[in-house]
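Enquirer: my questions concern the predicted model and sequence given below.
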Amino acid sequence: MTPGSDADAASSAAPPPADHARDPPPAERELRVLLLEDNTPHAELVEHFLRESGLKFRLVRVETREDFIAQIEQLGPDMILSDYALPAFDGYAALTIAKERVPNTPFIFVTGTMGEEVAIETLKSGATDYVLKTRLARLGPAVHRALREAADRRERQRAEDKLRRSLEQLRALTTYLQYVREEERTRIAREVHDELGQALTGLKLDMSWLASRLPKTSPELAAKARTMTEHIDETIQTVRRIATELRPGILDSLGLVAAIEWQANEFQTRTGIPCQVRSTVADTEWEHDFTTVFFRIFQETLTNIIRHAKATRVEVRLNEEAGHLVLVVKDNGRGISEEEIAGTKSLGLVGMRERAMLIGGEVSLQGRPGKGTSVALRVPLPGPKAGDSPAPAP
Ligand SMILES: Nc1ncnc2c1ncn2[C@@H]1O[C@H](COP(=O)(O)OP(=O)(O)OP(=O)(O)O)[C@@H](O)[C@H]1O
Ligand SMILES: [Mg+2]
(Lines give C-alpha, C1' and ligand atoms only; values in the text may rest on other atoms or scores of the structure.)
(Ligands and ions follow the chains in the order given, each with its own letter.)
Protein backbone atom coordinates (compact mmCIF):
# COMPACT_ATOMS: atom_id res chain seq x y z
CA MET A 1 0.00 0.00 0.00
CA THR A 2 1.30 3.43 -0.86
CA PRO A 3 1.81 5.84 2.03
CA GLY A 4 -1.17 8.05 2.51
CA SER A 5 -3.37 5.86 0.36
CA ASP A 6 -6.52 4.25 1.68
CA ALA A 7 -7.39 1.73 -0.94
CA ASP A 8 -8.78 -0.52 1.77
CA ALA A 9 -11.61 1.97 2.20
CA ALA A 10 -12.72 0.98 -1.26
CA SER A 11 -13.39 -2.59 -0.32
CA SER A 12 -15.18 -1.83 2.95
CA ALA A 13 -18.95 -1.28 2.88
CA ALA A 14 -19.35 1.82 0.73
CA PRO A 15 -21.26 4.71 2.32
CA PRO A 16 -23.84 6.39 0.13
CA PRO A 17 -22.18 8.47 -2.60
CA ALA A 18 -21.04 11.81 -1.24
CA ASP A 19 -22.38 14.96 -2.84
CA HIS A 20 -19.18 16.45 -4.20
CA ALA A 21 -20.92 19.01 -6.35
CA ARG A 22 -20.90 21.55 -3.53
CA ASP A 23 -17.24 21.10 -2.56
CA PRO A 24 -15.03 24.19 -2.80
CA PRO A 25 -12.95 24.29 -6.01
CA PRO A 26 -9.76 22.13 -5.92
CA ALA A 27 -7.54 25.22 -5.74
CA GLU A 28 -8.86 25.94 -2.22
CA ARG A 29 -8.40 22.47 -0.72
CA GLU A 30 -6.31 19.33 -0.84
CA LEU A 31 -6.58 17.69 -4.24
CA ARG A 32 -8.20 14.24 -4.44
CA VAL A 33 -6.33 11.92 -6.77
CA LEU A 34 -7.60 8.49 -7.76
CA LEU A 35 -4.85 6.17 -9.01
CA LEU A 36 -5.63 2.95 -10.85
CA GLU A 37 -2.39 0.94 -10.55
CA ASP A 38 -1.66 -2.69 -9.62
CA ASN A 39 2.07 -2.29 -9.11
CA THR A 40 3.00 -0.88 -5.67
CA PRO A 41 6.52 0.43 -6.52
CA HIS A 42 5.07 2.17 -9.58
CA ALA A 43 2.34 3.72 -7.47
CA GLU A 44 4.96 4.99 -5.01
CA LEU A 45 6.92 6.53 -7.85
CA VAL A 46 3.84 8.29 -9.18
CA GLU A 47 3.12 9.68 -5.74
CA HIS A 48 6.71 10.77 -5.33
CA PHE A 49 6.72 12.72 -8.60
CA LEU A 50 3.42 14.33 -7.79
CA ARG A 51 4.76 15.56 -4.42
CA GLU A 52 7.91 16.76 -6.14
CA SER A 53 5.80 18.96 -8.39
CA GLY A 54 4.50 20.82 -5.33
CA LEU A 55 0.97 19.43 -5.45
CA LYS A 56 -0.96 19.08 -2.16
CA PHE A 57 -3.07 15.98 -2.51
CA ARG A 58 -4.59 12.89 -1.04
CA LEU A 59 -4.13 9.80 -3.14
CA VAL A 60 -6.37 6.75 -3.20
CA ARG A 61 -5.10 3.72 -5.06
CA VAL A 62 -7.34 1.03 -6.51
CA GLU A 63 -6.66 -2.07 -8.60
CA THR A 64 -10.02 -3.46 -9.56
CA ARG A 65 -13.04 -2.31 -11.50
CA GLU A 66 -15.32 -2.50 -8.42
CA ASP A 67 -12.98 -0.37 -6.30
CA PHE A 68 -12.48 2.07 -9.15
CA ILE A 69 -16.22 2.64 -9.51
CA ALA A 70 -16.73 2.80 -5.73
CA GLN A 71 -14.01 5.44 -5.33
CA ILE A 72 -15.30 7.56 -8.18
CA GLU A 73 -18.52 7.87 -6.18
CA GLN A 74 -16.99 8.06 -2.73
CA LEU A 75 -13.90 10.15 -3.25
CA GLY A 76 -15.19 12.46 -5.99
CA PRO A 77 -11.70 12.68 -7.52
CA ASP A 78 -10.33 15.91 -8.99
CA MET A 79 -7.91 13.89 -11.08
CA ILE A 80 -7.75 10.29 -12.27
CA LEU A 81 -4.41 8.66 -13.07
CA SER A 82 -4.53 5.23 -14.63
CA ASP A 83 -2.21 2.52 -15.79
CA TYR A 84 -3.15 1.19 -19.20
CA ALA A 85 -2.56 -2.56 -18.89
CA LEU A 86 -3.80 -4.13 -15.66
CA PRO A 87 -4.18 -7.81 -14.91
CA ALA A 88 -7.80 -7.66 -13.76
CA PHE A 89 -9.07 -4.57 -15.51
CA ASP A 90 -7.99 -2.37 -18.37
CA GLY A 91 -7.31 1.34 -18.60
CA TYR A 92 -9.50 1.86 -21.63
CA ALA A 93 -12.56 0.48 -19.81
CA ALA A 94 -11.69 2.70 -16.82
CA LEU A 95 -11.64 5.72 -19.15
CA THR A 96 -15.07 4.80 -20.49
CA ILE A 97 -16.48 4.50 -16.97
CA ALA A 98 -14.90 7.79 -15.88
CA LYS A 99 -16.23 9.65 -18.92
CA GLU A 100 -19.71 8.37 -18.15
CA ARG A 101 -19.69 9.16 -14.45
CA VAL A 102 -17.38 12.16 -14.03
CA PRO A 103 -16.97 13.60 -17.53
CA ASN A 104 -15.31 16.78 -16.25
CA THR A 105 -12.58 15.09 -14.23
CA PRO A 106 -9.20 15.03 -16.01
CA PHE A 107 -8.02 11.50 -16.82
CA ILE A 108 -4.31 10.89 -17.45
CA PHE A 109 -2.79 7.57 -18.48
CA VAL A 110 0.45 6.75 -16.66
CA THR A 111 1.75 3.76 -18.49
CA GLY A 112 4.81 1.64 -19.15
CA THR A 113 4.31 1.38 -22.86
CA MET A 114 1.88 2.98 -25.15
CA GLY A 115 2.14 2.91 -28.90
CA GLU A 116 1.48 6.14 -30.69
CA GLU A 117 -1.71 4.85 -32.28
CA VAL A 118 -3.13 3.68 -28.97
CA ALA A 119 -2.17 7.01 -27.39
CA ILE A 120 -4.03 8.93 -30.09
CA GLU A 121 -7.02 6.63 -29.77
CA THR A 122 -7.25 7.21 -25.99
CA LEU A 123 -6.96 10.98 -26.42
CA LYS A 124 -9.78 10.83 -28.97
CA SER A 125 -11.86 8.88 -26.48
CA GLY A 126 -11.52 11.62 -23.91
CA ALA A 127 -8.26 11.00 -22.05
CA THR A 128 -6.67 14.31 -21.08
CA ASP A 129 -3.06 13.22 -21.55
CA TYR A 130 -0.67 10.30 -21.22
CA VAL A 131 2.69 10.07 -19.45
CA LEU A 132 5.17 7.24 -19.88
CA LYS A 133 6.52 5.69 -16.67
CA THR A 134 10.02 6.12 -18.08
CA ARG A 135 9.40 9.87 -18.13
CA LEU A 136 7.63 10.49 -14.84
CA ALA A 137 9.20 13.95 -14.57
CA ARG A 138 6.50 14.96 -17.07
CA LEU A 139 3.74 13.89 -14.70
CA GLY A 140 3.71 17.02 -12.51
CA PRO A 141 3.46 19.50 -15.41
CA ALA A 142 0.84 17.32 -17.13
CA VAL A 143 -1.30 17.23 -13.98
CA HIS A 144 -0.94 20.98 -13.42
CA ARG A 145 -1.95 21.71 -16.99
CA ALA A 146 -4.93 19.34 -16.81
CA LEU A 147 -6.12 21.01 -13.60
CA ARG A 148 -5.82 24.46 -15.14
CA GLU A 149 -7.80 23.38 -18.17
CA ALA A 150 -10.47 21.79 -15.99
CA ALA A 151 -10.74 25.01 -13.97
CA ASP A 152 -11.12 27.01 -17.19
CA ARG A 153 -13.83 24.66 -18.38
CA ARG A 154 -15.65 24.97 -15.06
CA GLU A 155 -15.41 28.75 -15.26
CA ARG A 156 -16.77 28.76 -18.81
CA GLN A 157 -19.58 26.43 -17.81
CA ARG A 158 -20.47 28.69 -14.88
CA ALA A 159 -20.53 31.75 -17.15
CA GLU A 160 -22.74 29.92 -19.65
CA ASP A 161 -25.12 28.81 -16.90
CA LYS A 162 -25.30 32.33 -15.58
CA LEU A 163 -26.04 33.70 -19.04
CA ARG A 164 -28.74 31.09 -19.62
CA ARG A 165 -30.33 31.85 -16.25
CA SER A 166 -30.38 35.56 -16.89
CA LEU A 167 -31.93 35.01 -20.32
CA GLU A 168 -34.64 32.92 -18.69
CA GLN A 169 -35.21 35.63 -16.11
CA LEU A 170 -35.33 38.28 -18.80
CA ARG A 171 -37.95 36.31 -20.68
CA ALA A 172 -40.03 35.82 -17.54
CA LEU A 173 -39.75 39.54 -16.83
CA THR A 174 -40.84 40.39 -20.37
CA THR A 175 -43.87 38.15 -19.99
CA TYR A 176 -44.72 39.76 -16.71
CA LEU A 177 -44.25 43.30 -18.03
CA GLN A 178 -46.43 42.60 -21.06
CA TYR A 179 -49.08 41.21 -18.78
CA VAL A 180 -48.94 44.16 -16.37
CA ARG A 181 -48.99 46.60 -19.25
CA GLU A 182 -52.10 45.05 -20.76
CA GLU A 183 -53.81 44.92 -17.39
CA GLU A 184 -53.06 48.56 -16.83
CA ARG A 185 -54.24 49.56 -20.29
CA THR A 186 -57.49 47.67 -19.73
CA ARG A 187 -58.02 49.35 -16.37
CA ILE A 188 -57.26 52.84 -17.68
CA ALA A 189 -59.46 52.25 -20.74
CA ARG A 190 -62.33 51.24 -18.49
CA GLU A 191 -61.86 54.20 -16.17
CA VAL A 192 -61.52 56.73 -18.96
CA HIS A 193 -64.59 55.31 -20.64
CA ASP A 194 -66.75 54.99 -17.54
CA GLU A 195 -65.70 57.93 -15.34
CA LEU A 196 -65.00 60.57 -17.98
CA GLY A 197 -67.72 59.29 -20.28
CA GLN A 198 -70.37 59.46 -17.58
CA ALA A 199 -69.22 62.87 -16.33
CA LEU A 200 -69.42 64.26 -19.88
CA THR A 201 -72.84 62.76 -20.50
CA GLY A 202 -74.02 64.38 -17.25
CA LEU A 203 -72.55 67.66 -18.37
CA LYS A 204 -74.34 67.38 -21.70
CA LEU A 205 -77.70 66.81 -19.98
CA ASP A 206 -77.15 69.81 -17.70
CA MET A 207 -76.20 71.86 -20.72
CA SER A 208 -79.42 71.07 -22.56
CA TRP A 209 -81.41 71.78 -19.36
CA LEU A 210 -79.69 75.16 -19.14
CA ALA A 211 -80.11 75.91 -22.86
CA SER A 212 -83.85 75.28 -22.69
CA ARG A 213 -84.17 77.80 -19.89
CA LEU A 214 -82.14 80.59 -21.44
CA PRO A 215 -84.15 83.79 -22.09
CA LYS A 216 -85.37 83.79 -25.71
CA THR A 217 -84.31 87.40 -25.97
CA SER A 218 -80.61 86.59 -25.93
CA PRO A 219 -79.52 84.76 -29.14
CA GLU A 220 -75.77 85.04 -28.24
CA LEU A 221 -76.36 82.96 -25.12
CA ALA A 222 -78.27 80.33 -27.15
CA ALA A 223 -75.45 80.24 -29.75
CA LYS A 224 -72.84 79.85 -26.98
CA ALA A 225 -74.84 77.03 -25.45
CA ARG A 226 -74.95 75.27 -28.83
CA THR A 227 -71.18 75.46 -29.37
CA MET A 228 -70.61 74.26 -25.81
CA THR A 229 -72.85 71.25 -26.47
CA GLU A 230 -70.93 70.52 -29.68
CA HIS A 231 -67.67 70.73 -27.75
CA ILE A 232 -68.96 68.26 -25.22
CA ASP A 233 -70.01 65.88 -28.04
CA GLU A 234 -66.55 66.07 -29.58
CA THR A 235 -64.94 65.43 -26.22
CA ILE A 236 -67.17 62.39 -25.71
CA GLN A 237 -65.97 61.04 -29.09
CA THR A 238 -62.34 61.71 -28.15
CA VAL A 239 -62.73 59.91 -24.84
CA ARG A 240 -64.28 56.93 -26.64
CA ARG A 241 -61.44 56.86 -29.14
CA ILE A 242 -58.74 57.03 -26.45
CA ALA A 243 -60.39 54.24 -24.48
CA THR A 244 -60.70 52.07 -27.59
CA GLU A 245 -57.12 52.67 -28.61
CA LEU A 246 -55.96 51.68 -25.15
CA ARG A 247 -57.87 48.46 -25.45
CA PRO A 248 -60.61 47.74 -27.94
CA GLY A 249 -63.60 46.59 -25.93
CA ILE A 250 -64.62 44.53 -28.94
CA LEU A 251 -61.67 42.21 -28.25
CA ASP A 252 -63.22 41.25 -24.92
CA SER A 253 -66.87 41.40 -25.93
CA LEU A 254 -66.96 39.95 -29.47
CA GLY A 255 -63.61 38.19 -29.71
CA LEU A 256 -60.42 38.14 -31.72
CA VAL A 257 -61.79 37.70 -35.23
CA ALA A 258 -64.30 40.51 -34.77
CA ALA A 259 -61.58 42.73 -33.30
CA ILE A 260 -59.29 42.06 -36.27
CA GLU A 261 -62.10 42.94 -38.67
CA TRP A 262 -62.86 46.06 -36.70
CA GLN A 263 -59.17 47.12 -36.64
CA ALA A 264 -58.85 46.54 -40.40
CA ASN A 265 -61.88 48.71 -40.92
CA GLU A 266 -60.45 51.46 -38.71
CA PHE A 267 -57.20 51.25 -40.67
CA GLN A 268 -59.08 51.62 -43.96
CA THR A 269 -61.08 54.59 -42.71
CA ARG A 270 -58.02 56.33 -41.30
CA THR A 271 -55.61 55.73 -44.20
CA GLY A 272 -57.90 55.34 -47.20
CA ILE A 273 -56.02 52.11 -48.07
CA PRO A 274 -58.45 49.25 -48.74
CA CYS A 275 -57.90 46.49 -46.19
CA GLN A 276 -59.78 43.29 -46.82
CA VAL A 277 -60.10 40.57 -44.20
CA ARG A 278 -60.85 36.97 -45.16
CA SER A 279 -61.35 34.63 -42.26
CA THR A 280 -62.33 30.98 -42.17
CA VAL A 281 -62.15 30.94 -38.40
CA ALA A 282 -65.11 31.10 -36.06
CA ASP A 283 -64.65 33.31 -33.02
CA THR A 284 -64.07 31.25 -29.93
CA GLU A 285 -63.57 32.53 -26.42
CA TRP A 286 -59.83 32.00 -26.33
CA GLU A 287 -57.63 32.87 -23.38
CA HIS A 288 -57.34 36.57 -22.71
CA ASP A 289 -53.52 36.52 -23.02
CA PHE A 290 -53.68 34.69 -26.32
CA THR A 291 -56.12 37.09 -27.98
CA THR A 292 -54.26 40.13 -26.63
CA VAL A 293 -50.88 39.02 -27.96
CA PHE A 294 -52.37 38.05 -31.30
CA PHE A 295 -54.19 41.34 -31.65
CA ARG A 296 -51.20 43.48 -30.64
CA ILE A 297 -49.03 41.80 -33.27
CA PHE A 298 -51.69 42.51 -35.89
CA GLN A 299 -51.78 46.17 -34.82
CA GLU A 300 -48.00 46.42 -35.15
CA THR A 301 -48.08 45.01 -38.71
CA LEU A 302 -50.67 47.65 -39.68
CA THR A 303 -48.63 50.42 -38.03
CA ASN A 304 -45.60 49.29 -40.01
CA ILE A 305 -47.60 49.36 -43.24
CA ILE A 306 -48.68 52.94 -42.52
CA ARG A 307 -45.15 53.99 -41.64
CA HIS A 308 -43.00 52.13 -44.14
CA ALA A 309 -44.81 50.24 -46.90
CA LYS A 310 -46.26 52.91 -49.24
CA ALA A 311 -48.93 50.35 -50.04
CA THR A 312 -52.23 50.87 -51.85
CA ARG A 313 -53.84 47.61 -50.81
CA VAL A 314 -53.71 45.30 -47.80
CA GLU A 315 -55.04 41.76 -47.52
CA VAL A 316 -55.54 39.94 -44.26
CA ARG A 317 -56.18 36.21 -44.05
CA LEU A 318 -57.02 34.30 -40.93
CA ASN A 319 -57.02 30.49 -41.11
CA GLU A 320 -56.80 27.46 -38.94
CA GLU A 321 -54.10 25.04 -40.05
CA ALA A 322 -53.27 21.83 -38.21
CA GLY A 323 -54.09 23.12 -34.76
CA HIS A 324 -52.56 26.53 -35.42
CA LEU A 325 -54.15 29.90 -35.90
CA VAL A 326 -52.45 31.56 -38.86
CA LEU A 327 -52.66 35.22 -39.68
CA VAL A 328 -51.16 36.53 -42.91
CA VAL A 329 -51.00 40.25 -43.61
CA LYS A 330 -49.95 41.14 -47.15
CA ASP A 331 -49.35 44.59 -48.50
CA ASN A 332 -48.42 45.64 -52.03
CA GLY A 333 -45.85 48.24 -50.96
CA ARG A 334 -42.11 48.59 -51.44
CA GLY A 335 -41.26 45.23 -49.85
CA ILE A 336 -39.19 44.76 -46.70
CA SER A 337 -35.53 43.83 -47.33
CA GLU A 338 -33.59 40.93 -45.83
CA GLU A 339 -31.45 43.38 -43.82
CA GLU A 340 -34.55 45.01 -42.37
CA ILE A 341 -35.97 41.60 -41.44
CA ALA A 342 -32.71 40.60 -39.72
CA GLY A 343 -32.19 44.05 -38.12
CA THR A 344 -32.40 44.29 -34.37
CA LYS A 345 -32.15 48.07 -33.93
CA SER A 346 -35.83 48.94 -34.21
CA LEU A 347 -38.02 47.27 -31.67
CA GLY A 348 -41.23 46.66 -33.59
CA LEU A 349 -40.26 43.38 -35.24
CA VAL A 350 -38.25 42.26 -32.20
CA GLY A 351 -41.30 42.92 -30.02
CA MET A 352 -43.54 41.01 -32.44
CA ARG A 353 -41.28 37.97 -32.29
CA GLU A 354 -40.96 38.16 -28.49
CA ARG A 355 -44.71 38.46 -28.10
CA ALA A 356 -45.35 35.54 -30.45
CA MET A 357 -42.91 33.43 -28.46
CA LEU A 358 -44.89 34.18 -25.28
CA ILE A 359 -47.80 32.19 -26.71
CA GLY A 360 -45.59 29.54 -28.34
CA GLY A 361 -45.85 30.98 -31.84
CA GLU A 362 -43.61 32.50 -34.46
CA VAL A 363 -43.58 35.39 -36.90
CA SER A 364 -42.07 35.13 -40.36
CA LEU A 365 -41.61 37.96 -42.83
CA GLN A 366 -41.07 37.99 -46.54
CA GLY A 367 -40.46 40.93 -48.82
CA ARG A 368 -40.31 41.23 -52.58
CA PRO A 369 -38.79 44.50 -53.79
CA GLY A 370 -41.47 46.71 -55.28
CA LYS A 371 -44.09 43.98 -54.87
CA GLY A 372 -44.85 44.08 -51.17
CA THR A 373 -44.41 42.50 -47.77
CA SER A 374 -46.05 39.50 -46.22
CA VAL A 375 -46.10 38.93 -42.46
CA ALA A 376 -47.23 35.54 -41.17
CA LEU A 377 -48.06 34.85 -37.56
CA ARG A 378 -48.48 31.20 -36.65
CA VAL A 379 -49.56 30.21 -33.16
CA PRO A 380 -50.73 26.91 -31.70
CA LEU A 381 -54.40 27.19 -30.82
CA PRO A 382 -55.10 27.22 -27.11
CA GLY A 383 -58.10 25.56 -25.58
CA PRO A 384 -61.13 27.76 -25.03
CA LYS A 385 -61.00 30.12 -22.09
CA ALA A 386 -61.17 28.49 -18.67
CA GLY A 387 -62.05 31.31 -16.28
CA ASP A 388 -59.84 34.32 -15.91
CA SER A 389 -56.20 33.57 -16.44
CA PRO A 390 -54.02 34.29 -13.42
CA ALA A 391 -51.04 36.61 -13.57
CA PRO A 392 -47.84 34.79 -14.54
CA ALA A 393 -45.24 34.79 -11.81
CA PRO A 394 -42.75 37.68 -12.14
N1 LIG B 1 -44.72 46.45 -44.28
C2 LIG B 1 -43.46 46.90 -44.46
N3 LIG B 1 -43.04 47.29 -45.66
C4 LIG B 1 -41.79 47.74 -45.86
N5 LIG B 1 -40.86 47.82 -44.88
C6 LIG B 1 -41.20 47.46 -43.65
C7 LIG B 1 -42.53 46.97 -43.37
N8 LIG B 1 -42.56 46.65 -42.05
C9 LIG B 1 -41.36 46.94 -41.55
N10 LIG B 1 -40.52 47.44 -42.50
C11 LIG B 1 -39.11 47.81 -42.35
O12 LIG B 1 -38.57 47.07 -41.28
C13 LIG B 1 -38.00 47.93 -40.31
C14 LIG B 1 -38.18 47.37 -38.94
O15 LIG B 1 -39.53 47.45 -38.51
P16 LIG B 1 -39.85 47.70 -36.97
O17 LIG B 1 -41.31 47.64 -36.77
O18 LIG B 1 -38.99 46.78 -36.21
O19 LIG B 1 -39.28 49.17 -36.71
P20 LIG B 1 -39.91 50.60 -36.91
O21 LIG B 1 -41.34 50.47 -37.34
O22 LIG B 1 -38.99 51.38 -37.80
O23 LIG B 1 -39.81 51.21 -35.46
P24 LIG B 1 -40.63 50.76 -34.16
O25 LIG B 1 -39.60 50.15 -33.27
O26 LIG B 1 -41.20 52.02 -33.64
O27 LIG B 1 -41.68 49.79 -34.60
C28 LIG B 1 -38.70 49.26 -40.53
O29 LIG B 1 -37.87 50.31 -40.11
C30 LIG B 1 -38.92 49.27 -42.01
O31 LIG B 1 -37.78 49.75 -42.68
MG1 LIG C 1 -42.70 49.26 -36.29
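Expert: Everything's here; your move. Ligands and ions are numbered 1, 2, ... in the order given.
Enquirer: my guess is Arg61 contacts Asn39, does it?
Expert: No: look at Arg61 against Asn39 with C-beta atoms under 8 Å: they stay out of range, at 10.2 Å. The way it works is simple: take the backbone N, C-alpha and C, and place the C-beta from them, glycine included.
Enquirer: Leu75: what's it in contact with?
Expert: Shown in contact with Leu75 (C-beta atoms under 8 Å, 6 or more residues apart in numbering): 32, 34, 60.
Enquirer: for the residues you listed, which one is nearest ligand 1?
Expert: Arg32 (54.4 Å; C-beta to the nearest ligand atom).
Enquirer: tell me the phi and psi of that closest one?
Expert: phi -110, psi 120 (degrees, to the nearest 10).
Enquirer: repeat that for Arg278.
Expert: When read as degrees, to the nearest 10, the backbone of Arg278 gives phi -120, psi 120.
Enquirer: OK, contacts around it?
Expert: 315-318.
Enquirer: partner residues bridging it?
Expert: Beta-bridge pairing for Arg278 (DSSP bridges): Arg317.
Enquirer: residue contacts, Thr122?
Expert: Thr122 is in contact with 84, 91-92, 95, 109, 114, 130, counting by C-beta under 8 Å, 6+ apart.
Enquirer: would you mind giving those as TSV with distance to Ala225, pLDDT and neighbour count added?
Expert: Formatted as TSV, the contacts of Thr122 follow (distance: C-beta to C-beta, whole Å; pLDDT from 0 to 100; neighbours: other C-beta atoms under 10 Å):
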residue	distance to Ala225	pLDDT	neighbour count
Tyr84	106	90	21
Gly91	103	91	23
Tyr92	101	91	17
Leu95	97	96	21
Phe109	102	95	25
Met114	106	78	20
Tyr130	102	92	21
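Enquirer: JSON lines for the residues you listed, including secondary structure?
Expert: Converted to JSON lines, these look like this (DSSP: H, G, I helix; E, B strand; the rest coil):
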{"residue": "Tyr84", "secondary structure": "coil"}
{"residue": "Gly91", "secondary structure": "helix"}
{"residue": "Tyr92", "secondary structure": "helix"}
{"residue": "Leu95", "secondary structure": "helix"}
{"residue": "Phe109", "secondary structure": "strand"}
{"residue": "Met114", "secondary structure": "coil"}
{"residue": "Tyr130", "secondary structure": "strand"}
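Enquirer: which one among those residues gets closest to Ser166?
Expert: Ranked by distance to Ser166 (C-beta to C-beta), those are led by Leu95 at 35.9 Å.
Enquirer: tell me if I'm right that the closest one and Ser125 touch.
Expert: Yes: when contacts are counted by C-beta under 8 Å, Leu95 is listed as touching Ser125 (6.0 Å).
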